[in-house]
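Chemist: Next comes the sequence, and after it the predicted model I'd like to discuss.
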Amino acid sequence: MRNSGFLESLNVFYQYSKLSLKVMLEFKLDRSMITLAIFCREMIAVVVMLLILARFLHIRGWDMNQLFFLYSFLFISYSLFVFIFAGVRDFDQLVHSGEFDRYLIRPRGLLFQVVASKIDLPATLGHGVVGVILFMNTAFSVGITWNMQNILFYISVVVGGAVIQASIFMLTACMSFWAIRIENIRNLIFFNARRIAGYPISFYPAFIQKMLIFIVPFSFVNYFPAQFFIRKEDMNLFWDGFMYMTPVVGVVMFVVVSLFWRFGVRSYSSSGNALY
Amino acid sequence: MALIEVDDLVKEYQLNVRHKGLLGSIRSLLIPEYTKKVAVDSISFSIEKGETVGFIGPNGAGKSTTVKMLTGILTPTSGTITVGGLSPYKDRKKNASRIGVVFGQRTQLWWDLPVADTFDLLKYIYKIPDNVFRENMELFSDILGLQEFMKQPVRQLSLGQKMRADIGAALLHNPEIIFFDEPTIGLDVVAKEQIREFVRTVNRERGTTMLFTTHDMLDIEKTCKRMIIIDHGKKIYDGTVEEIKDKYGRSRVLRVEFSEYIADVQLPGAEMIKEEGNKKWFEFQKDQTQVSRLINTLSQKYGIVDITVQEPEIEGVIREIYQGGIDLNETLSGVS
């Protein structure tokens, strides 16, 4: 029974996606340009890094392929996150415009509707393609045997990483329920943390390491999963268990944030968007 | 038990006090101050299945807040609501599948896609069976004329077409209760009439319960038998449209066109309020002066080309109630 409910929801999700896709096709040129723009923006960062790294053979024991393998996690998991959670990313607009009221009078879960009603394909593709390029060029030259076990672990850390990022966005989305808009601060913290995480966190002072582990846990999106695969010496600085923790961190963060979300919905229904 | 039962409903908002100017903004950021605003102040009523009820009141009277509580968007501060035996906010999803809501100022249609696409999506969201969906589409095409523009992107539709499509979208899952929040706002006379006709048809044929909030009294007169007036969060009237018109629309205007210009017309029991060429308008109270006596008097003295008696419009009556000119008194059955 529960299973058929899940399939039914999946079908509704598919129907929503079909409409999003149709909207995108209405504006083919515009959306293609945006996709290209995002791809170029991200690719330039990669190229700049490449030019700098080309002058060194190693940095603290990491060679170029290993560094780009580390970097690829950020793009692939971000792509997955945006593909599913674009609605959460833009949630503040939904509340501000009063459109959220409409979701409350539909016989479906709220988070489900928020997630299903928006798909940002340009961002998904823009980041995804960069991620895949990096992955294809590095994953087979850093000494990983891609056996079943490793492939499954890889999938689980990419999903886990996407959920971690989704949780960060959802946490700030919840603030909209109290008419607090912190999107700019969020973007500042999120994207800078992401940029910092582009390099192994062992390169940084302890303060920044702690921040990327405990506060904005980007280290679980790329550093620790990458360490699982290519095991460098600097992993000795950290607890070994961190390498396996990405899915756990994702699940725990998501559960906690979901509770906060529920609390937020309850608060919203006591004031509506009258606060704005 | 009635379909909708509302008992002693109260809704208070905590509002942020904002001070003027930049310094004021900083001050309210650092030391937030709140005031309590009572939007709905112990309202009670019950609505039977198949009733059409108009909710009226000046801006900010608490109509929208009440409707938001009935639809499950907001939780009441105190008091109880049951809609078809359910609590709208506790059983949000269950309640949502049985109600339809039309917001006159906000569309639920996908802006860049043809109307038909939104309808298809709603079919899945509300789990509408194929045969019901087909039947409804036929009905809407017939009465609302939707087929003309089903394939056009919503952004290209006129306001009237959009409204019709929105009403169709809200009724697609055969809701038992429909809430209309200003459904005719900004529409022309023909479009308004078409929507009213549709509403009457659905109510008659399906026995759907309907609640309106509107500022257009003609909407109420043409579609609702019952009217609830809310002001300052309190219910001040709940009864038939007819009764309030009878009781408070006591004055009548007699419009007379004379065959020649008469400088001074003496008409006891009535007062001249307007004059234009050979035409004159007289106001009288129908319970004090008989119209037949007035006409007699006039026709005996003067030559008359045309004569009409004008009823006051309900709008005028309501305006006076809002402005406090009419004190709804206890003799009226609907006053609580």
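Modeler: Nice, I can see it. Numbering: from 1, shown residues only, chains lettered A, B, ... in the order given.
Chemist: For the rest of this, base every contact and every neighbour count on C-alpha atoms.
Modeler: OK.
Chemist: Which residues in stretch A:6-23 does the neighbour count mark as buried?
Modeler: Residues of stretch A:6-23 classed as buried by neighbour count (16 or more other CA atoms under 10 Å in any protein chain shown): A:9, A:12-13, A:15-17, A:19-20, A:23.
Chemist: correction: stretch B:213-223
Modeler: Applying 16+ other CA under 10 Å to stretch B:213-223 flags B:213-215, B:217-221, B:223 as buried.
Chemist: okay, that stretch in CSV with CA atoms only?
Modeler: The C-alpha trace of stretch B:213-223 is given here as CSV (Å, rounded to 0.1, in the frame of the first residue of the first chain):
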residue,chain,number,x,y,z
THR,B,213,-15.9,37.2,-0.6
THR,B,214,-16.4,40.1,-2.9
HIS,B,215,-16.8,43.8,-3.1
ASP,B,216,-19.2,43.6,-5.9
MET,B,217,-22.7,43.6,-4.4
LEU,B,218,-24.2,42.5,-7.7
ASP,B,219,-22.2,39.3,-7.3
ILE,B,220,-23.9,38.7,-4.0
GLU,B,221,-27.3,39.6,-5.2
LYS,B,222,-27.2,37.4,-8.2
THR,B,223,-25.6,34.3,-6.7
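Chemist: Find the nearest non-adjacent residue to A:M243, please.
Modeler: A:F224 (4.6 Å; CA to CA, 6 or more residues apart in numbering or on different chains).
Chemist: And for the one you found, the neighbour number?
Modeler: 27 (other CA atoms under 10 Å in any protein chain shown).
Chemist: Equivalent analysis for B:K235, please.
Modeler: For B:K235, using other CA under 10 Å, the count is 24.
Chemist: What about it? Give its phi and psi, please.
Modeler: Backbone torsions for B:K235, taken as degrees, to the nearest 10, come to phi -80, psi 120.
Chemist: right, and it touches B:I43 too?
Modeler: Yes: at 5.9 Å, B:K235 counts as touching B:I43 under the criterion of CA atoms under 8 Å.
Chemist: Who are the contact partners of A:A173?
Modeler: A:88-92 (CA atoms under 8 Å, 6 or more residues apart in numbering or on different chains).
Chemist: Try it again at 10 Å.
Modeler: Taking CA atoms under 10 Å, 6 or more residues apart in numbering or on different chains, we find A:A173 in contact with A:87-93, A:95, A:167, A:180-183, A:186, A:261, A:264.
Chemist: swap in A:I189?
Modeler: Taking CA under 10 Å, 6+ apart, one finds A:183, A:195, A:216 in contact with A:I189.
Chemist: Make JSON lines out of these and add neighbour count and pLDDT.
Modeler: Below are these laid out as JSON lines (neighbours: other CA atoms under 10 Å in any protein chain shown; pLDDT from 0 to 100):
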{"residue": "A:E183", "neighbour count": "18", "pLDDT": "81"}
{"residue": "A:R195", "neighbour count": "14", "pLDDT": "88"}
{"residue": "A:V216", "neighbour count": "17", "pLDDT": "91"}
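Chemist: Can you tell me which of those is closest to chain B?
Modeler: Closest approach between the contacts of A:I189 and chain B, by CA to the nearest CA: A:E183, at 17.2 Å.
Chemist: In terms of helices and strands, where is the residue nearest to that closest one when sequence neighbours are not counted?
Modeler: Nearest residue to A:E183 in three dimensions, chain neighbours excluded: A:T172, at 7.1 Å (CA to CA, 6+ apart). Assessed by DSSP states H and E, A:T172 sits inside helix A:148-174.
Chemist: Test for you: state the pLDDT assigned to B:V40.
Modeler: With respect to pLDDT, B:V40 scores 90.
Chemist: The closest residue to it other than its chain neighbours: what's it in contact with?
Modeler: Leaving aside its sequence neighbours, B:V40 sits nearest to B:G233 (CA to CA, 6+ apart; 4.0 Å). Applying CA under 10 Å, 6+ apart to B:G233 gives the contacts B:9-11, B:38-43, B:57, B:60-63, B:65-66.
Chemist: and of the residues you listed, the nearest to B:T82?
Modeler: B:T82 lies nearest to B:L9 out of the contacts of B:G233, by CA to CA, at 11.2 Å.
Chemist: Tell me the buried residues in the strand or helix carrying the closest one?
Modeler: Using DSSP H and E, B:L9 maps to strand B:4-16. The neighbour-count check on strand B:4-16 (16+ other CA under 10 Å) flags B:4-7, B:9-13, B:15 as buried.
Chemist: Which helix or strand lies directly C-terminal to the host helix or strand of A:I52?
Modeler: Applying DSSP H and E as the criterion places A:I52 in helix A:28-53. Counting by DSSP H and E, the next helix or strand C-terminal to helix A:28-53 is strand A:58-59.
Chemist: Pairing partners for that following strand, with directions?
Modeler: strand A:62-63 (antiparallel) (DSSP bridges).
Chemist: Filter the contacts of A:A173 down to the buried ones, ChimeraX style.
Modeler: Here is the ChimeraX command that picks out the buried ones among those, judged by 16+ other CA under 10 Å:
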select /A:87,88,89,90,91,92,95,167,181,183,186,261,264
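Chemist: and residue 118, how many neighbours?
Modeler: In the absence of a named chain, this looks at chain A. Neighbours around A:K118, by other CA under 10 Å: 23.
Chemist: ah, no, chain B please
Modeler: Neighbour tally, B:T118, other CA under 10 Å: 20.
Chemist: JSON lines please, covering the buried residues of strand B:4-16 and showing distance to B:I195 and pLDDT.
Modeler: Formatted as JSON lines, the buried residues of strand B:4-16 follow (distance: CA to CA, whole Å; pLDDT from 0 to 100):
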{"residue": "B:I4", "distance to B:I195": "24", "pLDDT": "93"}
{"residue": "B:E5", "distance to B:I195": "27", "pLDDT": "93"}
{"residue": "B:V6", "distance to B:I195": "28", "pLDDT": "94"}
{"residue": "B:D7", "distance to B:I195": "31", "pLDDT": "93"}
{"residue": "B:L9", "distance to B:I195": "31", "pLDDT": "93"}
{"residue": "B:V10", "distance to B:I195": "32", "pLDDT": "92"}
{"residue": "B:K11", "distance to B:I195": "32", "pLDDT": "90"}
{"residue": "B:E12", "distance to B:I195": "34", "pLDDT": "88"}
{"residue": "B:Y13", "distance to B:I195": "34", "pLDDT": "84"}
{"residue": "B:L15", "distance to B:I195": "37", "pLDDT": "74"}
